[in-house]
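Asker: With the sequence up front, the predicted model follows.
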Amino acid sequence: MAEARAHFARGNQSAALQLACAILKRDPRNVDAYILLGEIALTKTGGGPVAEKLSRQALGLKPDDIGAQRLLGLALAAQDRSSEASALLAKVLKSRANDLSALLALARIRETAKQFSAAEALLRSATVLHPQAVVAANSLGDFLKRRGQLAEALAWHCRAVGAGAAPVLVPGAKRRIAFLVQYPQGWTSLKSVWESFVADPSCEVTVITCPFNHPNPGSDAINGFLQDRGVPFVHWTNFKWEPAFADVLFVQLPYDSTRPPELRVAELLKLVPRLAYVPYALEIGGGAENKSLLANQPLHQVAWAIFARSLRHKTTFAHSCTTGDAHVAVTGHPKMDALRQLSEVRDDDLLHFANGRRLVVWNPHFDTRPDGSEWGGGYSTFMRWQRHLVGEFARRENFALVIRPHPLFFEMLERRRIMSGADIAGFLAQCAEVKNIQIDRRPSYLPVFAASAAMLSDASSFLLEYAATGKPLLYLHNPRGPGLNADGDFVRDHCATAQTEEEIARFLDAVAAGQDVSRDARLAAFRQECMHLPPEGAGETIRQTVLARLEAETALRVPRIAAG
């Protein structure tokens, strides 16, 4: 058993499992082997029932075994059977006061029961008894953040990654604001924020670029994009990374996998504890996986500040983020600032292509997942409509169609073996043959927003962003996909939706006739339900919010917790 335990402690679960099974084969009454198998089960999602069964088998052989009782308590806690788990875990802690798993599990039970003082005491005990345990520091940080104790929560999250707490701010000093950006299409989420800080003489602003590694490494398109727009920047390989190089660092994307390992959240937190995040998209896709991707990544959990587009958006963090929403401020979204100047965006090539015709944008989502149906199982409806829409616009010569796919669209079609490179080339050639169809590969989507008369879109952030223009919008619903999130109510109630050829034709006929009877109600609902629109703009509101938080901290010495 010692060897099996050693493998488990090192995270080699496969070897531990094989050895424990071999021990049980030789000795079916080995209680320790049952317990180890149960602990391995608990490391798996949904492993609670298996662990419970194994713990009861162990207790059947040795009713008073404290290890088996511990396993049963943890298994019951994993299944949210709190009352049963609580008594067992409390009993375990009487004889094993330093049992980290029991301490953390019982703390979760106490917090769920709103026994906050008891939960906090257990978590603080865990950090004292296990000063080197990352999970103990993180768990206390998460708890404090959910309770709104943001300063101390930040200190514990810093300790978890081996860093000190946020440096104390000096009154009257310039505030150093940095932006870490990766890809051009997401610049509209930060542009007006950057402009507001640059215009403030009390701030020093730095823009740092790094590659966008999704799904493959190496895209540095952001560099040329910023250079063309006169935005000063420094490439990450030329930047001097040192502790406290900025007071606040805005991170463009929450996904660690898209950045070099040196720039993942845990590493950034060691340098600049105050991480800020403006969502890169106007999230609308539903499904459990999407909730985690958009609201419960490491950046969401440890961020000093997140800026939400609406009160409903803030509430999604309360429901989906393990650290709650106390750090989330409702400011509106900077993408709306860009749309305020949409009339100034002009692309002569697009206007020449439209040639007086009504220009319609088709926005297919990259998430196409073959499932044996004509639709596919993802957010995309491209499999269902690719032939029909090309044919439909070929015969509607009074329209010009611009296909604006996600930057990863064609690559994902090939990666998921939905279309081969030859198939994609064939589709593009087919579109080129139809004189009123064009593929839009511009770095910015704003020109096509400005030139268009209407949009057809899958479950994409464009649904909410384009809605702000007031122009007609058709949601292409995939009945086999994950659907929409809470903002889907707005789409259902105020936007056109299509699952059939007839519904698409009806929408296009109305656009051709210049009819949009629901426009006023749609815009009113958008402003009321989906988007806070401060008169000074979201970028300026975010600047004010950041500086107000920093000002409040100048009088508050953040608890400094020595690295464990």
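Answerer: Thanks, I have the structure now. Numbers count the residues shown, from 1 in each chain.

Asker: for this protein, where's the lowest mean pLDDT among helices and strands?
Answerer: Here the helix or strand of the chain ranked lowest by mean pLDDT, DSSP states H and E is helix 288-295, holding a mean of 87.

Asker: heading toward the C-terminus, what's the first helix or strand past that helix?
Answerer: Taking DSSP states H and E as the definition, the helix or strand that follows helix 288-295 towards the C-terminus is helix 298-302.

Asker: Run the chain-centre distance for the next helix or strand after that next one.
Answerer: Proceeding C-terminally, helix 298-302 gives way to strand 305-308 as the next helix or strand, assigned by DSSP H and E. Strand 305-308 has its C-alpha centroid displaced from the chain centroid by 12 Å (CA atoms, centre = their mean, to the nearest Å).

Asker: List of residues touching strand 305-308?
Answerer: Applying CB atoms under 8 Å, 6 or more residues apart in numbering, the set of residues contacting strand 305-308 from outside is 248, 274, 276-279, 300, 314, 317, 327-331, 333, 538, 542, 545-546, 549. (C-beta placed from N, C-alpha, C; glycine too.)

Asker: about what we covered before: residues touching the least confident helix or strand of the chain, excluding its own?
Answerer: Counting by CB under 8 Å, 6+ apart, the neighbours of helix 288-295 from elsewhere in the structure are 254-255, 279, 281, 283, 285, 316-317, 319-321, 482, 485.

Asker: Same question for stretch 485-503.
Answerer: The set of residues external to stretch 485-503 that reach it, using CB under 8 Å, 6+ apart, is 283-286, 290-291, 312-313, 315-316, 388, 392, 456, 463-464, 467, 472-477, 479, 484, 504, 507, 518, 521-522, 525-526, 529-530.

Asker: any chance you could map the strands in the stretch 101-250 of the chain?
Answerer: According to DSSP state E, counting those that start in this stretch, the stretch 101-250 of the chain carries its strands in the segments 175-181, 203-209, 234-235, 248-251.

Asker: For the third one, name the packing helices and strands.
Answerer: Counting by 3 or more CB pairs under 8 Å, 6 or more residues apart in numbering; DSSP states H and E, the packing neighbours recorded for strand 234-235 are strand 203-209.

Asker: Give me the angle between the strand it packs on and strand 175-181.
Answerer: For strand 203-209 against strand 175-181, the angle between stretch directions is 20 degrees (axes from the mean of the first three to the mean of the last three CA atoms, to 10 degrees).

Asker: Could you name the helices and strands sitting against the longest helix anywhere in the chain?
Answerer: In the chain, taking DSSP state H as the definition, the longest helix is helix 538-554. Under the contact criterion of 3+ CB pairs under 8 Å, 6+ apart, helix 538-554 touches strand 175-181, helix 191-198, strand 305-308, helix 334-340.

Asker: How many neighbouring residues does the nearest residue to L299 once chain neighbours are set aside have?
Answerer: With CB to CB, 6 or more residues apart in numbering as the criterion, L299 has its nearest non-adjacent residue at 4.1 Å, and that residue is P254. Summarising burial for P254: neighbours were counted as other CB atoms under 10 Å, giving 22.

Asker: For P254, give me its contacts.
Answerer: P254 sits next to Y277, Y280, L293, L294, Q297, P298, L299, H300 when contact means CB under 8 Å, 6+ apart.

Asker: give me that answer again for 10 Å
Answerer: When contacts are counted by CB atoms under 10 Å, 6 or more residues apart in numbering, P254 touches 265, 275, 277, 279-280, 293-301, 303, 306.
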